[in-house]
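> Give the three-dimensional model of this entry:
(2 chains)
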Amino acid sequence: MLELKKLTKTYRTGDRALHEVDLIVPNGQVMALIGPSGAGKSTLIRCINRLVEPTSGSVILDGTDITALGSTGLRKMRRKMGMIFQEYALVERLTVMENVLSGRLGYVGFWRSFLRKFPQSDVDEAFRLLDRVGLLAMADKRADELSGGQRQRVGIARALIQNPRLLLVDEPTASLDPKTSRQIMRLICELCAERDLAAVINIHDVALAQMFVERIVGLKAGELAFDGKPTEMGEDVLTRIYGEEDWQATIRKVDEEEVEAEVAAQ
Amino acid sequence: MPVSTSPDGAKIWQLRTRNQTLTRWAAYLVAVAIFMWCWQRISEATTWFFVWDAPRIAADIGGRAWPPRWSYMDNLWGPLWDTLNMATLGTLLALVMAVPIAFLAARNTTPSALFIRPVALFIIVATRSINSLIWALLLVAIVGPGVFAGLMAIALRSIGFCAKLLYEAIEEIDEKQVEAITATGASRWQVMAFGIVPQVMPAFAGISVFRWDINIRESTVLGLVGAGGIGLQLQSSLNTLAWPQVTLILIVILAAVLVGEWVSAKVRGAII
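From the prediction side, this is the model:
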């Protein structure tokens, strides 16, 4: 279970990105975080694994206060949190396999990782994951040879090989076409279901979020503005989060047939 | 903003205001005046008789220098080999020292921007600012004449050059890839090996062969101050006015530099 208590982040420039955010994400829950650009979505995700240091408040994962950890403890904790990035953030000049295996760095000593002598169990798991995301044939390709969708699949495999308790997903579909976006979102949600994995997904595409997740949290100017089920998202909620606009086309009509089709597709 | 309205009401846009334009023309005037003044000073200090005489002297030396004395080549293979070794080993030695300095100097990898970075930057500036010929002069006095002094001179001169280009490459890497590796729980050294090193590898290879290419040229003259290599032969031939030998040595240096350039172009093409 992930718990944020009065999480606050004020950047050195004086920008207040987060202001006393309280949030609980139970085990196995896939949660979408929406909000306008600059609302603090990326900051919130990065405060959880302390890529950005929170100014105050605490982040508690499975009973451990992450904000109180020293550097070794933080590294151990980061192993339990897989992260997926907007522009994939693969190491472009390494192979797909090296990128996936880099998810195990927290468990392997420096020289073993430097010489690429990862334990066979890690290599087996990497092959299994590459097969699961449909990239087994690409294992030996360099990461910069892949298409956007394929790269994001590598990113997902890299996060999952950590065997995490929580996925932090930062705009996974922002650089992808609509079809690939759906496939990637579906893959992430399926994998979370398979592994009973909780996830916090930053996403701009409200309709896409409604389609896949079980809970949506809206962030506005660093504060929670909405917390509820996808079906509860109405024009009034979007107006509250983003401001006045014609939301007719954005909100997805919850159609029973479509939901069933979506379930069948999985 | 130089936007004004003309009498008939149309909006006029100009790149600069009138004052800016005047300032620029004044600056041009000052630059031309300085140039003319320098020209005059140099002209006063020149003995023009020698300059007018130059074509005749050049033709005279040229006539005595041709044809090159090809048989002298037997004496040049050894020094040529020394020259190449000086350049290659000097470059390797410089790289060994430049890599850690570059990581200490780069803003995103330095352990301490306040204390260690200035020291690293100082080393870079210090070694860069002294020409390898001057390093060689110093080292010949310290470790004695010979190839070793030349090698050290090449290495010391190259540290700053390689470290500077490398630390600039390190500062320009994509931080998102580093962030992604950090997020997996990797240690500081692992982040370096997986997130940073692959990104700067092409730059590192390019810098190495580029510097090696430069060092071949520099090592050909180090013999002039007694640091071994083909320059030593050049100096003794010049001293004895053996112009055909000088011609041959210049041809050999040209060939060596061409080969160096060709190899480095090939290597760079293969890596990047």
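
> residue contacts, the residue nearest to A:R195 when sequence neighbours are not counted?
Nearest-residue entry for A:R195: A:L160, 7.6 Å, with adjacent residues in sequence omitted and distances by CB to CB, 6 or more residues apart in numbering or on different chains. Where C-beta positions appear, they are placed from N, C-alpha and C, glycine not excepted. Under the criterion of CB atoms under 8 Å, 6 or more residues apart in numbering or on different chains, the contact partners of A:L160 comprise A:82, A:103, A:129, A:191, A:195.

> Could you tell me which residues of the stretch 151-266 of chain A lie near chain B?
A:155, A:158, A:162, A:168 (CB under 8 Å from any CB of the partner chain).

> Distance from the host helix or strand of the first one to the middle of the chain?
This points to A:G155. Assigned by DSSP states H and E, A:G155 falls within helix A:148-160. Here helix A:148-160 is found 12 Å from its chain centre; the criterion is CA atoms, centre = their mean, to the nearest Å.

> could you point out which element follows it?
strand A:166-170.

> What are the boundaries of the helices in the chain?
I went with chain A, as the question did not name one. Per DSSP state H, chain A has helices spanning A:41-48, A:71-78, A:96-101, A:110-114, A:120-132, A:148-160, A:178-195, A:206-212, A:235-242, A:256-265. These are given in chain order.

> That was the other one, I meant chain B.
Under the criterion DSSP H, chain B contains helices at B:18-45, B:48-65, B:77-105, B:116-129, B:132-143, B:147-171, B:175-183, B:188-191, B:197-221, B:230-239, B:243-271.

> and the first one, average pLDDT?
Throughout helix B:18-45, pLDDT has a mean value of 93.

> Show me what that helix is packed against.
If you count contacts as 3 or more CB pairs under 8 Å, 6 or more residues apart in numbering or on different chains; DSSP states H and E, helix B:18-45 packs onto no helix or strand.

> roughly how far is that helix from the heart of the chain?
When C-alpha coordinates are averaged (CA atoms, centre = their mean), helix B:18-45 and its chain have centres 30 Å apart.

> And the fourth one, by the same measure?
From the chain centre to the centre of helix B:116-129 is a distance of 16 Å (CA atoms, centre = their mean).

> ok, for whichever residue of the stretch 51-200 of chain A sits closest to chain B, nearest residue in space, not its chain neighbours?
At 2.8 Å from chain B, A:G106 is the closest residue in the stretch 51-200 of chain A, using CB to the nearest CB. Ranked by CB to CB, 6+ apart and with sequence neighbours excluded, the top spatial neighbour of A:G106 is B:G185, at 2.8 Å.

> picking that back up, by neighbour count, which of the contacts of A:L160 wins?
The most neighbours of any of the contacts of A:L160, using other CB atoms under 10 Å in any protein chain shown, belong to A:G103, which has 30 neighbours.

> Kindly report the domain assignment for chain B.
Listed domain ranges for chain B are B:3-65, B:75-271 (source: automatic domain parsing).

> Need the distance between the two termini of the shortest one.
Yep, that's domain B:3-65 we're talking about. According to CA to CA, to the nearest Å, domain B:3-65 extends 67 Å from its N-terminal end residue to its C-terminal end residue.

> got the residues of the stretch 1-150 of chain B near chain A?
Within reach of chain A by CB under 8 Å from any CB, the stretch 1-150 of chain B has no residues at all.

> which sections of the stretch 1-150 of chain B are below the confidence cut-off?
Counting by pLDDT under 70, the low-confidence segments of the stretch 1-150 of chain B come to B:1.

> Which single residue of chain B ends up nearest chain A?
Counting by CB to the nearest CB, chain B gets nearest chain A through B:G185, at 2.8 Å.

> okay, the residue nearest to A:L176 when sequence neighbours are not counted: pLDDT?
In space, A:L176 comes closest to A:G148 once its chain neighbours are excluded; the distance is 5.3 Å by CB to CB, 6+ apart. Turning to A:G148, the model gives it a pLDDT of 87.

> What count of nearby residues applies to A:G148?
With neighbours defined by other CB under 10 Å, the count for A:G148 comes to 16.

> In this structure it contacts A:K179, no?
No - contact between A:G148 and A:K179 fails when scored by CB atoms under 8 Å: they sit 11.5 Å apart.

> Compare the domains of chain B and give me the one nearest A:C47.
domain B:75-271 (12.6 Å; CB to CB).

> right, and B:L234 touches B:I249 too?
Yes - between B:L234 and B:I249 a contact is recorded at 4.9 Å, counting by CB under 8 Å.

> In contact with B:P79, which residues?
If you count contacts by CB under 8 Å, 6+ apart, then B:P79 has B:223, B:228-230, B:232-233 around it.

> The residue of the stretch 51-200 of chain A closest to chain B: neighbouring residues, count only.
Using other CB under 10 Å, A:G106 is surrounded by 20 other residues.

> now the residue of chain B closest to chain A: how far from A:D144?
For B:G185, the distance to A:D144 (CB to CB, to the nearest Å) stands at 25 Å.

> So for the two, which sits in the more crowded spot?
Set side by side, B:G185 and A:D144 give different neighbour counts by other CB under 10 Å, the larger being at B:G185 (23 against 11).

> Need the phi and psi values for that one.
Reported as degrees, to the nearest 10, the phi and psi values for B:G185 are phi 90, psi 20.

> What distance do you get for the nearest residue to A:R142 once chain neighbours are set aside to A:S102?
Closest residue to A:R142 apart from its sequence neighbours, by CB to CB, 6+ apart: A:T95 at 5.7 Å. Distance, A:T95 to A:S102, by CB to CB: 11 Å.

> Neighbour count for the two, which is higher?
Using other CB under 10 Å as the criterion, A:T95 and A:S102 rank with A:S102 on top: 28 against 18.

> ok, the more buried one - contacts?
Contact criterion CB under 8 Å, 6+ apart gives A:91, A:94, A:158, B:181, B:184, B:186, B:194 as the residues in contact with A:S102.

> how much space between the second one and B:I181?
As judged by CB to CB, A:L94 and B:I181 stand 10 Å apart.

> so what sits against both of these two?
Applying CB under 8 Å, 6+ apart, one finds that A:L94 and B:I181 are jointly contacted by A:102, B:194.
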